[in-house]
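# Any chance you could fold what I've pasted below:
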Amino acid sequence: MVDRKKRAQDLIKYHSYASGAFGLIPVPGADVAAVSAAQLNLVHKLAKLYEVEFAQERTRAIVGALLGGVMPGALSSSVLGSAVKAVPFIGTALGVAVMPALSLAATQALGRVFAQHFETGGTLLDFDVETMRDYFRKEFEAAKGEAAADAPAAAPQMDEQPVQKAG
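A predicted model of the protein is given here:
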């Protein structure tokens, strides 16, 4: 039986690489939507792993507050990276240069923050964004460095299916 920390690391790695790949989607806005879905799915899988009740709207609020409060420059670059894809040829190339790395790093940092919080007995109800913001910032910077240094040839495979949105 694989222990929880190892399984959490595998989930984070898988969703981070998926987010990086989604950053390559050439359609403006579709890339951001796909990355957001992967991040939400990651938190859902981590909550399930740690037997924490999952609340989709609460999770969206937490993720938005973490991302918006820590990396407004990166977020504006991400949105700009997505929007610039609308410009034929050069826009797609510029957008593809920005989105994958930011998406991978943000998802990895989010996963690490939530896994650490759940590992210590935390829930979505007692998640304190202000307290976790510095930890997220450090993890995001570390993940950006790791992504640049260790660009994998292929994403790892997961044996579970992604969470499907009801209705």
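# Tell me who's in contact with Thr123.
With contact taken as CB atoms under 8 Å, 6 or more residues apart in numbering, Thr123 is in contact with 52-53. Where you see a C-beta, it was placed from the backbone N, CA and C, and this is true even at glycine.
# Give me the distance between it and Ser16.
For Thr123, the distance to Ser16 (CB to CB, to the nearest Å) stands at 23 Å.
# again, but for Met132
Taken as CB to CB, the spacing of Met132 relative to Ser16 amounts to 18 Å.
# the more surrounded of the two?
Relative neighbour count places Ser16 above the other of Met132 and Ser16, with 28 against 21, counting by other CB atoms under 10 Å.
# What about the nearest residue to the more buried one once chain neighbours are set aside, how many residues nearby?
When the adjacent residues along the chain are set aside, Ser16 lies closest to Gln108, with 4.1 Å between them (CB to CB, 6 or more residues apart in numbering). Burial measure for Gln108: 25 neighbouring residues, criterion other CB under 10 Å.
# Can you work out which other helices and strands pack against the helix or strand Gln108 falls within?
Applying DSSP states H and E as the criterion places Gln108 in helix 90-119. The elements that helix 90-119 packs onto, with contact taken as 3 or more CB pairs under 8 Å, 6 or more residues apart in numbering; DSSP states H and E, are helix 4-22, helix 30-49, helix 56-70, helix 72-83, helix 129-149.
# Low-confidence bits of the chain, can you list those?
1-2, 70-98, 147-167 (pLDDT under 70).
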